[in-house]
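Chemist: Here you go, sequence then predicted model.
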Amino acid sequence: DAKTTQPTSMDCAEGRAANLPCNHSTISGNEYVYWYRQIHSQGPQYIIHGLKNNETNEMASLIITEDRKSSTLILPHATLRDTAVYYCIVRVANNDYKLSFGAGTTVTVRA
Amino acid sequence: ETGVTQTPRHLVMGMTNKKSLKCEQHLGHNAMYWYKQSAKKPLELMFVYSLEERVENNSVPSRFSPECPNSSHLFLHLHTLQPEDSALYLCASSQLAAITGELFFGEGSRLTVL
């Protein structure tokens, strides 16, 4: 039972913003939205998470819709090193140790 | 460098061998995880240890045997594996009950079973 839906793949141009959508229409009130990415043959890397407010850190911005049924991860200035599989995950923070990864979105940044 | 170190990075073994994968975390976390990633498949959670006690075993065959001697170390003992067990095995750690609770992953151990 997939909790999130993401496009299979997307391309973006180097230096441009990459906007990665995620649908989570069945999200519960106490579930957070997490984003991870996995560069080829490496372990996944935490990017950002949020509950209902938009969040920004040094890696990315997370925009969550008011109804919380979808979100967008924004990489403001994509570089070739951002080429990776990006996973959108919903989970209850700090008391749910299970993190279920789906297929994610394969993002290819092109020069 | 994520603070989670896995060894060996690459392992080739025969079906009758016994080997072990090792994971060490230097983050002071109290939970550790083993994930399996087969080619073209999503990550699959195998085992979870919380405060050195196994709290999750996702129907993993008994030929995989985890061990968590302390909160910093996690092992995955392998014996009589099958070729379909060839995969990237990822270790992760987290701080349970922390506000963010994100997982920190190691670089993985690439296992090939001949």
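Modeler: Looks like it arrived, so ask away. Predicted, not measured: the structure shown is a model, and the values here were computed from it. Numbers count the residues shown, from 1 in each chain, chains lettered A, B, ... in the order given.
Chemist: Now do A:L99 against chain B, distance only.
Modeler: 6 Å (CB to the nearest CB, to the nearest Å). C-betas here are computed from N, CA, C, even on glycine.
Chemist: Hmm, that residue is touching A:R91, no?
Modeler: Yes: contact criterion CB atoms under 8 Å: A:L99 and A:R91 qualify, at 6.0 Å.
Chemist: neighbour count winner among these two?
Modeler: Each of A:L99 and A:R91 has its neighbours counted (other CB atoms under 10 Å in any protein chain shown); A:L99 has more, 23 against 20.
Chemist: Not counting its neighbours along the chain, what's nearest whatever residue of chain B ends up closest to chain A?
Modeler: Using CB to the nearest CB, the closest approach of chain B to chain A is made by B:F105 at 3.1 Å. In space, and not counting its chain neighbours, B:F105 is closest to A:G43: 3.1 Å by CB to CB, 6 or more residues apart in numbering or on different chains.
Chemist: who's in contact with residue 31?
Modeler: All of this is about chain A. Listed by CB atoms under 8 Å, 6 or more residues apart in numbering or on different chains, the contact partners of A:E31 are A:24, A:90-92.
Chemist: you looked at the wrong chain, it should be chain B
Modeler: Contact analysis of B:A31 by CB under 8 Å, 6+ apart lists A:97, B:48-51, B:93-96.
Chemist: Now do the phi/psi pair for it.
Modeler: phi -140, psi 140 (degrees, to the nearest 10).
Chemist: Distance check, A:A78 against chain B.
Modeler: Counting by CB to the nearest CB, the gap from A:A78 to chain B is 22 Å.
Chemist: Test for you: state the pLDDT assigned to that residue.
Modeler: What the model reports as pLDDT for A:A78 is 96.
Chemist: Burial check on it, number of neighbours?
Modeler: Counted with other CB under 10 Å, the neighbours of A:A78 add up to 20.
Chemist: That one contacts A:G15, doesn't it?
Modeler: Yes: contact criterion CB under 8 Å: A:A78 and A:G15 qualify, at 6.9 Å.
Chemist: residues in chain B within reach of chain A, list them.
Modeler: B:2, B:4, B:31, B:33, B:42-43, B:45, B:48, B:50, B:55-56, B:88, B:90, B:92, B:94, B:96-108, B:110 (CB under 8 Å from any CB of the partner chain).
Chemist: from those, which would you call buried?
Modeler: Neighbour counting with 16 or more other CB atoms under 10 Å in any protein chain shown marks B:2, B:4, B:31, B:33, B:43, B:45, B:48, B:50, B:56, B:88, B:90, B:92, B:94, B:96, B:101-108, B:110 as buried within the residues of chain B next to chain A.
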